[in-house]
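Undergrad: Predicted model and sequence follow; I will ask about them next.
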Amino acid sequence: RSLVTAAADGEDRAVEAALRPRDLDEFIGQERVREQLSLVLQAAKRRAATPDHVLLSGPPGLGKTTLSMIIAAEMGAPIRITSGPAIQHAGDLAAILSSLTEGEVLFLDEIHRMSRPAEEMLYMAMEDFRVDVVVGKGPGATAIPLELPPFTLVGATTRAGLLPPPLRDRFGFTGHMEFYAPSELERVIHRSARLLDVDIDAAGAAEIAGRSRGTPRIANRLLRRVRDYAQVRHDGEVTRDIAAAALDVYEVDARGLDRLDRAVLHALLKLFGGGPVGLSTLAVAVGEESETVEEVAEPFLVREGLLARTPRGRIATAAAWQHLGLTPPPQSPV
Ligand code: ADP
């Protein structure tokens with residue numbers, strides 16, 4: 001598992017609670033979502049009503065869970081946190097829904113991975129604050145309608161397009177989370193450093209930000225590894241040189257590429273002259289499964305404009321040659 005994976009690991013979960021912004025003002029970046037959400041919440045407060053259901057879409061580690069907690073905090077409401085994969089049966093969802101209190105926020109992470117029957121129960125719950133609980137089996141089964149108190153569902157998904165339209169339509173507001181700009185990540189890093197009592201200068205924060213793939217969770221994780229290095233090998237202060245040296249130890253390069261990303265690029269450039277080369281050939285060259293190369297390494301390389309997928313195969317861009325410090329062959333098509 002790489003240091004620049006966006007999904008949370010055990011250590012992230014243990015320390016993230018301490019690093020989460022508590023209100024919208026403290027939440028860095030995502031200006032558009034923040035402004036839209038702020039209006040939704042203020043309007044609800046003014047009407048003394050429960051806010052509309054909110055859908056947050058975007059890659060892992062950008063602050064969806066954090067925003068759901070902020071929604072609850074701003075409304076002075078309790079929050080219940082669960083996820084699509086945790087809801088196997090409609091009954092699991094009925095149990096959660098029927099125990100909600102008035103105004104409570106229900107955060108449903110990975111909402112696109114809920115089972116179909118649960119999803120259908122959710123439609124009615126979102127729209128009419130009602131569920132039908134089925135009691136018994138076979139011909140004797142009866143549906144008992146159950147009133148629910150008004151609540152706010154906050155759903156999170158990696159892509160809003162993954163949701164069936166009837167579910168998507170039941171959200172009053174959808175916030176699209178974007179990757180963070182380096183300057184925003186620098187602010188995230190300075191803020192976390194303050195909370196973790198780490199002494200860091202501006203250049204040190206910029207160095208970590210540049211390697212964090214636009215993702216606050218990764219920025220916080222890299223900061224912790226840099227802190228270890230600074231404390232063990234130096235006096236604890238984080239400068240640009242120390243941040244760079246620490247992350248070189250962990251094989252996260254200046255642009256946030258890890259060992260596998262670099263191996264893929266290196267093979268593409270050195271063995272195949274920059275391509276085009278087929279995915280499976282490229283995967284064999286780096287000793288990995290095709291799926292690993294395609295799903296783990298390629299998305300970020302494509303996002304960074306270092307690799308392109310074409311009908312004839314994978315090709316490297318001029319930026320890829322530059323990044324690895326290599327000269328493209330003169331007849332190179334790119
Ligand atoms: P997601 O639910 O999208 O996977 P999280 O809300 O769990 O992401 O955020 C991951 C970590 O990144 C948390 O520790 C959180 O403190 C931090 N984080 C996310 N967004 C921000 C932000 N805008 N400002 C400061 N920290 C943030």
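TA: Cool, the structure landed.

Undergrad: Tyr123 is in contact with Pro166, correct?
TA: Yes. Under the criterion of Cβ atoms under 8 Å, Pro166 makes contact with Tyr123 at 6.1 Å. Every C-beta, even on glycine, is put in place using the N, C-alpha and C of the backbone.

Undergrad: Whichever residue of the chain sits closest to the ligand: neighbour count?
TA: Using Cβ to the nearest ligand atom, Gly63 is the residue of the chain that sits closest to the ligand, at 2.6 Å. Neighbourhood size, Gly63 [other Cβ atoms under 10 Å]: 25.

Undergrad: residues in contact with it?
TA: Contacts here follow Cβ atoms under 8 Å, 6 or more residues apart in numbering; on that basis Gly63 touches 27, 30, 177, 216.

Undergrad: which of those residues has the most neighbours?
TA: Pro216 (29 neighbours).

Undergrad: What number of residues are in the vicinity of the closest residue to that residue other than its chain neighbours?
TA: Nearest non-adjacent residue to Pro216, counting by Cβ to Cβ, 6 or more residues apart in numbering: Val188, 4.8 Å away. As a burial measure, Val188 scores 26 neighbours (other Cβ under 10 Å).

Undergrad: measure Val188 to Gly274 for me?
TA: Computed as Cβ to Cβ, to the nearest Å, the Val188 to Gly274 distance reads 35 Å.

Undergrad: ditto for Ile242
TA: Ile242 is 35 Å from Gly274, by Cβ to Cβ.

Undergrad: does Ala267 really touch Val286, like I thought?
TA: Yes. Using Cβ under 8 Å, Ala267 is in contact with Val286, at 5.2 Å.

Undergrad: Identify the contacts common to those two.
TA: Common neighbours of Ala267 and Val286, counting by Cβ under 8 Å, 6+ apart, are absent.

Undergrad: residues in contact with the closest residue to Val54 other than its chain neighbours?
TA: Nearest non-adjacent residue to Val54, counting by Cβ to Cβ, 6+ apart: Val154, 4.8 Å away. Val154 makes contacts with 53-56, 67-68, 71, 105-108, as judged by Cβ under 8 Å, 6+ apart.

Undergrad: so how far is Ala219 from Gly250?
TA: One thing to correct before we go on: residue 250 is Tyr, not Gly. 14 Å.

Undergrad: Just give me the residue closest to the centre of this structure.
TA: Pro60 (1.3 Å; Cα atoms, centre = their mean).

Undergrad: Dihedrals phi and psi, that residue?
TA: For Pro60, the backbone dihedrals are phi -60, psi 150 (criterion: degrees, to the nearest 10).

Undergrad: residue ranges for the strands of the stretch 201-334 of the chain, please.
TA: Assigned by DSSP state E, counting those that start in this stretch, the stretch 201-334 of the chain shows strands spanning 307-310, 313-316.

Undergrad: Single out the most deeply packed of these.
TA: strand 313-316 (a mean of 22; mean count of other Cβ atoms under 10 Å).

Undergrad: what helices or strands is that strand leaning on?
TA: helix 259-270, helix 279-286, strand 307-310 (3 or more Cβ pairs under 8 Å, 6 or more residues apart in numbering; DSSP states H and E).

Undergrad: Can you show me the CA trace of stretch 241-255 as CSV?
TA: Presented in CSV, the C-alpha positions along stretch 241-255 are these (Å, rounded to 0.1, in the frame of the first residue of the first chain):
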residue,chain,number,x,y,z
ASP,A,241,15.2,20.2,2.1
ILE,A,242,14.0,18.1,5.0
ALA,A,243,10.5,17.6,3.5
ALA,A,244,12.1,16.6,0.2
ALA,A,245,14.6,14.2,1.8
ALA,A,246,11.9,12.6,3.9
LEU,A,247,9.6,12.0,1.0
ASP,A,248,12.4,10.7,-1.1
VAL,A,249,12.9,8.0,1.5
TYR,A,250,9.3,7.0,1.1
GLU,A,251,9.6,7.1,-2.7
VAL,A,252,7.0,9.9,-3.2
ASP,A,253,8.6,12.1,-5.8
ALA,A,254,8.3,15.9,-6.4
ARG,A,255,5.1,15.5,-8.3
